[in-house]
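K.L.:
sequence first, predicted coordinates after that:
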Amino acid sequence: MPSYLALGKPDGEGNVPPSQRINLGCVGVGGRAASVIPGLCADGFAQPVALCDVDLNARNIEKNLERYPGAKQFADFRIMLDKMGEDIDAVSVVTPDHTHYVAAIAAMQLGKHVYVEKPLTHTYREADLLMQAEKKYNVVTQMGNQGHTSSGSEQFKRLVNKGIIKDIVKIEAWKSGGLWFMDPSKRINQYPTGEAKPTSLNWDLWCGPKEMKPFSPKYHPFSWRGFHLYGAGMLGDWGAHIIDFAHDFLKLGLPTTIEAIEMADHNQIIFPLISKLAMRFPERGDGLPACEMIWEDSNEKCAPEVSQKFWDGEKSPDLRGAGTLLHRKDGAFVVQRGSHASVSRIYPRDEMMKYKDDLKVPGPKFNHQTSFTQACLDNGTTNSPFSVAAPLTKVLQLGVICQYLNESLEFDPETETFKGNAAANDLLAGPTPRSGWEGFYESI
């Protein structure tokens, strides 16, 4: 008998006894899940027992099917949970945005821990319901914005606690290029016409609670993110990696206004070619004054200009293709951060050198995915639980509503409703779910 079974503890080769390992049910196996699932299992403390995907011939799916040959395979997560619920401890949800919520809430209602890719949900109300469910079912949760568990997040938190990042009155956030709808030659303003679907794909299950349009390869396997009906555009895709530090550690909460500055080639089928909007957040306490956040995504480089007083010599800082630039009220310096796990820098350099020791911060004990696994085993907590991820997702979805309507909006954080705009308020919950999916949306 192997030592890890005989002794009931991990051996030197990373084998872990079943009693100290969580069983995963994986909803979404190809695409992004090709790295998420092995990431959750990287330390040997998690093992997939069920693999569920609406297309068991999707891109990159063979990697996980071959890696975990003993896991049972399903197309419908509802059937997976019904047949294997007693054998599953935690569920990963790595699917298109519009099906995150239904898979997550179904798992939580059975007492399963859940790891859900970003953005957490496809609508504002779905995010609120998952945050309520987290409290009710008392399960471990984590959204997949992996940079939120990193040396970059630890550093940002320290800079806030030390009063180095304080009195931030303006945040410029940006993402240049990268998704198909940001290519002028690929723009469309009508839904695609139907085409023959792959025989391996269950299109009805792929659409889930949303309207089922005729199948098109413009939706599956990858380009769904550009459609309002199924995705959240660049703001939903990258916003969770770019503004997450500022939103969490500066306690931004919810904005009072969302201003549409530019929505180039706007229509309500796909996201704009260029999006520029401003959100204004009220004062939150000492060192947290009212703050304006400007978001821009563009098919061309859209990083903000840095005032020459923050330059080092004659050269402006290279802000790269994505990030945030934080402005202090006193204008002593600016703080720049990229995305994901990237660390922050201070400009000008002579100001940064004053804080060089505070900028050097070790990373956390576990990474974002293994911290979820360990939290499921009562070893620590997660850094992006739904109590953190849902409020961020709400902000992203308010921006998405602004992009969809191409209107400036006033929002009441107390009532969580738009002022004087019925169409915008309808979008908080989104369209009525398709027949058969309504039960997932009952109040928690």
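P.N.:
Done, it's in. Residues are numbered from 1 along each chain as shown.
K.L.:
please count neighbours and contacts with C-alpha atoms only from this point.
P.N.:
OK.
K.L.:
list the buried ones in the helix or strand harbouring Val91?
P.N.:
Using DSSP states H and E, Val91 maps to strand 90-93. Buried residues in strand 90-93, defined by neighbour count with 16 or more other C-alpha atoms under 10 Å: Ala90, Val91, Ser92, Val93.
K.L.:
of those residues, just say which sits nearest to Asn379.
P.N.:
Ala90 (14.9 Å; C-alpha to C-alpha).
K.L.:
Phe281 contacts Leu288, correct?
P.N.:
No - counting by C-alpha atoms under 8 Å, Phe281 stays clear of Leu288, with 10.0 Å between them.
K.L.:
more crowded one of these two?
P.N.:
Neighbour comparison, Phe281 and Leu288: the larger count goes to Phe281, with 23 against 18 (by other C-alpha atoms under 10 Å).
K.L.:
contacting residues for the more buried one?
P.N.:
Residues counted as contacts of Phe281 (C-alpha atoms under 8 Å, 6 or more residues apart in numbering) are Leu252, Gly253, Leu254, Pro255, Thr256, Thr257, Ala290, Cys291, Glu292, Met293.
K.L.:
my read: Ser384 touches Ser150, true?
P.N.:
No - counting by C-alpha under 8 Å, no contact exists between Ser384 and Ser150, whose distance comes to 11.4 Å.
K.L.:
so what touches stretch 390-404?
P.N.:
By C-alpha under 8 Å, 6+ apart, stretch 390-404 touches 119-124, 127-128, 130-131, 228, 232-233, 235-236, 239-240, 244, 247-248, 253-255, 258-260, 263, 267-268, 271-272, 275, 277, 408-409, 424, 427-428.
K.L.:
next, the residue nearest to the spatial centre of the chain: secondary structure please.
P.N.:
The residue lying closest to the centre of the chain (C-alpha atoms, centre = their mean) is Lys118, at 2.2 Å. Judged by DSSP: H, G, I helix; E, B strand; the rest coil, the three-state class of Lys118 is coil.
K.L.:
tell me who's in contact with it.
P.N.:
Asp97, Met143, Gly144, Asn145, Gly236, Asp237, Ala240.
K.L.:
so how far is Trp295 from the fifth one?
P.N.:
From Gly236 across to Trp295, the span is 12 Å (C-alpha to C-alpha, to the nearest Å).
K.L.:
hmm, Thr99 is touching Gly208, no?
P.N.:
Yes - Thr99 is within contact range of Gly208, at 6.3 Å (criterion: C-alpha under 8 Å).
K.L.:
that older thread, going through the contacts of stretch 390-404, which ones are buried?
P.N.:
Among those, the ones that count as buried by 16+ other C-alpha under 10 Å are 119-124, 127-128, 130-131, 228, 232-233, 235-236, 239-240, 244, 247-248, 253-255, 258-260, 263, 267, 271-272, 275, 277, 408-409, 424, 427-428.
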